[in-house]
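1. curious how this folds, go ahead:
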Amino acid sequence: MTRSLAELTTMRVGGPPRALVEAADADALVDAVRAVDAAGEPLLVVGGGSNLVVADEGFPGTVVQVTSRGVRVESDDLCGGVVIRVAAGEPWDDLVDLAVAESWSGVEALSGIPGSTGATPVQNVGAYGQEVSQTIWQVRVYDRHEQRVRSLANTDCDFSYRHSLLKESMRTAGGDGVTPRYVVLEVAFQLRPTEMSQPIAYADLARGLGVQPGQRVPLTVAREAVLEQRRRRGMVLDPHDHDTWSCGSFFTNPILSAEDMALLRERAVHRLGPGGPLPPEFPSEDGTVKTSAAWLIDKAGFAKGHGLPGRAALSTKHTLAVTNRGGAKAADVLALARELRDGVRDAFGVALVNEPVLVGLEL
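-> Have a look, this model is predicted:
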């Protein structure tokens, strides 16, 4: 019997695919994708399953599960840095752990993030002031349109906040936000050979470390501090902790124009009163302002644990994580996510956008 997709995803929801194929290396992955395309079947590529919410009906096509492993040092130059090539199926946190142990700096603030390495450039995964786009040198992909293997340089990937050419291709290739044009085979990173972290860019992390933003600390210290922060927020996978049965942050932090940010401030004052809390603001050089989805959810009236004792509820540790409390269906998860989205829109006029990929579902 074909395995349920609930077994392959961290949200632990989703019915069975019509077929499931495991790809243990890049060649097998290319062959599997070519076979699916030749048969004209729908394709879903799954790595660690940490960014997927799949419909209860399952997937009406072939799921290719990427299980490739391996980290290869391509060059180790004190001037040019360390270039490593990583198989798409390599667990991401295992790679970060290795980098810290080998004194390769650049991904330490991304400790504890679940999922596979091949998924990180798609979403331009980031946390605590770092994004993978800062260290990615090249992404080796199978281009399903051109039916050939290609190497995309960092600049080719068009990275932005939680977005990339690879993610955009899911909308343009199949029009469903799921079907990719590019299937990641391998990711090359350029890291710095040093025992010290990159400058600490996240204020809460700096406070936890007892340093000023911009200072550096030993890699091992940075990693442990990040893991501690993530554990407190229920963002490190633990099979015994339902707060971690999630996709991590369910919504991206909204990026607003200066005018829309001013309107948000006005709505916050109207809702919370003069002298009340104001939404966080993180200005960018392009004039836009990022604010906090977690703040908006909380101030719209959805506290930690909202939805309990239901089968789907907000994490008791963090308002940005929609969690499976055991026995939840995809329909339960989406119902809660819609409640949060609509509540924030009604309270503040801001449209929250889901971060995980929805398969067979619409928010």
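2. give me the pLDDT value at the spatially most central residue of the chain.
-> In the chain, the residue lying closest to the centroid (C-alpha atoms, centre = their mean) is V125, at 5.0 Å. Per-residue confidence (pLDDT) for V125: 95.
3. wait, what's in contact with P42?
-> 59-62, 179 (C-beta atoms under 8 Å, 6 or more residues apart in numbering). Using the backbone N, CA and C atoms, a C-beta is placed for each residue, glycine as well.
4. M261 too?
-> Residues in contact with M261 (C-beta under 8 Å, 6+ apart) are 279, 281, 289, 291.
5. report the separation between the closest residue in space to the second one that isn't next to it in sequence and T252.
-> If the residues on either side of it in the chain are set aside, E281 comes closest to V289, at 5.2 Å by C-beta to C-beta, 6 or more residues apart in numbering. From V289 across to T252, the span is 14 Å (C-beta to C-beta, to the nearest Å).
6. could you count how many residues lie near the residue nearest to the residue nearest to the centre of the chain when sequence neighbours are not counted?
-> Closest residue to V125 apart from its sequence neighbours, by C-beta to C-beta, 6+ apart: V132 at 5.2 Å. Per other C-beta atoms under 10 Å, the neighbour tally for V132 reads 27.
7. same check on A153?
-> Counted by other C-beta under 10 Å, the residues lying close to A153 total 11.
8. for it, list each beta-bridge partner.
-> Assessed by DSSP bridges, A153 has beta-bridge partners Q138.
9. right, and it touches Q138 too?
-> Yes. Applying C-beta atoms under 8 Å, one finds A153 in contact with Q138, separated by 5.8 Å.
10. looking at the protein, which helix or strand does the model trust least?
-> helix 165-173 (a mean of 84; mean pLDDT, DSSP states H and E).
11. so for that helix, what gets flagged as buried?
-> Residues of helix 165-173 classed as buried by neighbour count (16 or more other C-beta atoms under 10 Å): 165-170, 173.
12. other SSEs contacting that helix?
-> Counting contacts by 3 or more C-beta pairs under 8 Å, 6 or more residues apart in numbering; DSSP states H and E, helix 165-173 packs against helix 120-123, strand 182-193.
13. deepest-packed of these, please.
-> Of the helices and strands packed on helix 165-173, the one with the most neighbours on average (mean count of other C-beta atoms under 10 Å) is helix 120-123, at a mean of 26.
14. who's in contact with that helix?
-> With contacts defined as C-beta under 8 Å, 6+ apart, helix 120-123 is touched by 51, 92, 132-133, 136, 139, 157, 159, 162-164, 166-167, 180, 184, 187, 355.
15. alpha carbons of that helix, in PDB - could you do that?
-> Extracted in PDB, the C-alpha atoms of helix 120-123 (Å, rounded to 0.1, in the frame of the first residue of the first chain):
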ATOM      1  CA  THR A 120      16.300  25.800   1.000                       C
ATOM      2  CA  PRO A 121      17.000  27.700  -2.200                       C
ATOM      3  CA  VAL A 122      13.400  27.300  -3.400                       C
ATOM      4  CA  GLN A 123      12.000  29.300  -0.400                       C
END
